[in-house]
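> The following block contains a protein sequence and its predicted model.
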Amino acid sequence: MIRRMFVSFSLLIVLALAFSACTAPAAAPAEEAPAAAESEGGGEAMAGPFTIGVSNSFVGSEWRTQMIQDMEEVNQEFMDQGLTNELIIESADTDAQGQIQQIQNLVNRGVDAIIINPGDVNALNPALEEAVDQGIVVIAVDQEIGAQGVYNVVINQKEWAMISAKWIAEQMGGQGDLVLIEGFVGHPANEARMAGVEEVLADYPDINVVGRDTGMWDQATGQQVAANFLASLPNIDAIWTQDGMAEGVLRAVITADPDPWPITSGEARAGFLQLWYEVKQERPDFTTIGVVNPPGVGASGLRVALEILQGGEVDEAQLSGPNGNTLYVPIPNVITDENFEEEYEKVKDAPASYTLDGMITQEEAAAFMKQ
């Protein structure tokens, strides 16, 4: 009897469970994962780790070597986080056609982004625009170009040159004979710098430019050009030059030893600051200026590229420059008599080729994106 009651009771439980299963609401289906994550900036993120290529067309410069080293160090941080692979670097002394080949090589390697230090204002644009059309993020660093879809991440090279040009003009008292020694003619940064110098000099009609030549951003060449000017043009009042050549120019002045010495612009490199210090031991009244042109701008461009690859969308309200596609990063520092001792202490034992540096943080790169 007890056994018959147990079986009946068990049967009722089974029937009740069956009825409950039939009448219970169906479980909500699992949400499908989105095809791509979306950043706060509103852009569509790609799947990492990302492969990033670098195109550099000028290797005869310690500045460019430091630029690539900075990029490799920052990329190592990204690799440690699983965000990127090793950089694919195309770096050689080459002309515009050679740099176009570098770009094509990177595209063929399947890179997700290209960081380029462009060697020409216009010639690279079609190749870069083709890369953009294939979905590749392209960031130009150090020098501004106008290629559609390309973002420039640079210091303001025009402003950079105007700082030292205005200093020279003021030191000259607004009058006298001036020599200009520029970098590679036709390179975007050089053209922007010389435009800045000309803009400053337009406000000083009594300053006469009596000589202009290229030192090709090379210390030895700059020294030879300066020596030629000092030998052929008596009574030069001042020499304005750019980074990579200022130490050579100062050495030419030391060797020629004219009376009086011309005023010279300087640079923010260890070798120049070390020579500046030596000269001041003999000539306490010696004065010059060094405006930092940071090799770390390449790493700044890399940081911006990573933000875009992860779904960030550039805030167009922050774009400026002659082509409206530039994100300007700060000029890190200006060295004058006021802060020379402090800055010299930082580099007194550094290799002569080391350049005082600076780069944006990842948070600052993210601040360029729509929030």
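Nice, thanks for sending it over. Numbering: from 1, shown residues only.

> can you give me the strands in the stretch 251-371 of the chain?
263-264, 290-291, 326-328, 334-335 (DSSP state E, counting those that start in this stretch).

> can I get the ones you listed in JSON lines with mean neighbour count, distance to A366 and mean pLDDT?
Yep, even glycine has a C-beta here, placed from its N, CA and C like the rest. Listed next are the strands of the stretch 251-371 of the chain as JSON lines, based on neighbours: other CB atoms under 10 Å; distance: least, CB to CB, whole Å; pLDDT from 0 to 100:
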{"stretch": "strand 263-264", "mean neighbour count": "24", "distance to A366": "41", "mean pLDDT": "98"}
{"stretch": "strand 290-291", "mean neighbour count": "24", "distance to A366": "27", "mean pLDDT": "98"}
{"stretch": "strand 326-328", "mean neighbour count": "20", "distance to A366": "12", "mean pLDDT": "98"}
{"stretch": "strand 334-335", "mean neighbour count": "20", "distance to A366": "27", "mean pLDDT": "98"}
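
> got these as TSV, with distance to I236 columns?
What follows is the strands of the stretch 251-371 of the chain, written out as TSV (distance: least, CB to CB, whole Å):
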stretch	distance to I236
strand 263-264	9
strand 290-291	20
strand 326-328	34
strand 334-335	23
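
> count of residues packed around G324?
Neighbourhood size, G324 [other CB atoms under 10 Å]: 9.

> sorry, back to before: quick one, which of the strands of the stretch 251-371 of the chain is nearest to Q242?
Proximity to Q242 (CB to CB) singles out strand 290-291 among the strands of the stretch 251-371 of the chain, at 9.6 Å.

> now for the closest one, which elements pack on it?
If you count contacts as 3 or more CB pairs under 8 Å, 6 or more residues apart in numbering; DSSP states H and E, strand 290-291 packs onto helix 157-171, helix 270-282, strand 334-335.

> Tell me which residues are up against that strand.
Outside strand 290-291, the residues that touch it by CB atoms under 8 Å, 6 or more residues apart in numbering are 160, 163-164, 243, 246, 266-269, 272-273, 276, 331, 334-335, 343, 356.

> 6 Å instead, please
By CB atoms under 6 Å, 6 or more residues apart in numbering, the residues outside strand 290-291 that reach it are W160, I163, S164, G266, E267, A268, V334, I335.

> cool, and stretch 184-200?
121, 143-144, 157-158, 161-162, 165-166, 182-183, 214, 216.

> same thing but 8 Å
Residues contacting stretch 184-200 (CB under 8 Å, 6+ apart): 58, 118-121, 142-145, 157-162, 165-166, 169, 180, 182-183, 214, 216-217, 240, 242.

> Now A238. Its backbone dihedrals?
Torsion angles at A238 (phi, psi; degrees, to the nearest 10) stand at phi -160, psi 150.

> what pairs with it across the strands?
L178, I263 (DSSP bridges).

> Measure how buried it is and give me the count.
Other residues lying near A238 total 19 when counted by other CB under 10 Å.

> What separation is there between the most centrally placed residue in the chain and R283?
Nearest to the geometric centre of the chain sits V297, at 2.3 Å (CA atoms, centre = their mean). Counting by CB to CB, to the nearest Å, the gap from V297 to R283 is 34 Å.

> same check, this time on A165
The value you get for A165 to R283, if CB to CB is used, is 23 Å.

> Look at these two and report which has more neighbours.
Shown here are A165 and R283; by other CB under 10 Å, A165 has more neighbours (25 against 11).

> hang on, the earlier thing: in a markdown table: the contacts of strand 290-291, plus distance to P188.
Output for these, formatted as a markdown table (distance: CB to CB, whole Å):
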| residue | distance to P188 |
| --- | --- |
| W160 | 13 |
| I163 | 19 |
| S164 | 19 |
| G266 | 23 |
| E267 | 19 |
| A268 | 21 |
| V334 | 22 |
| I335 | 25 |
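
> Just the buried residues from the residues you listed, in ChimeraX please.
Command for ChimeraX that selects the buried part of the contacts of strand 290-291, burial taken from 16 or more other CB atoms under 10 Å:
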select :160,163,164,266,267,268,334,335
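
> what about the helices in this structure?
Using DSSP state H, the helices of the chain run over 2-23, 62-80, 96-108, 125-133, 157-171, 188-201, 219-232, 246-256, 270-282, 297-309, 340-347, 362-366.

> check contacts around the nearest residue to I100 once chain neighbours are set aside.
When the adjacent residues along the chain are set aside, I100 lies closest to A127, with 4.7 Å between them (CB to CB, 6 or more residues apart in numbering). When contacts are counted by CB under 8 Å, 6+ apart, A127 touches I100, I103, Q104.

> List buried residues within those.
For those, a burial check counting by 16+ other CB under 10 Å picks out I100, I103.
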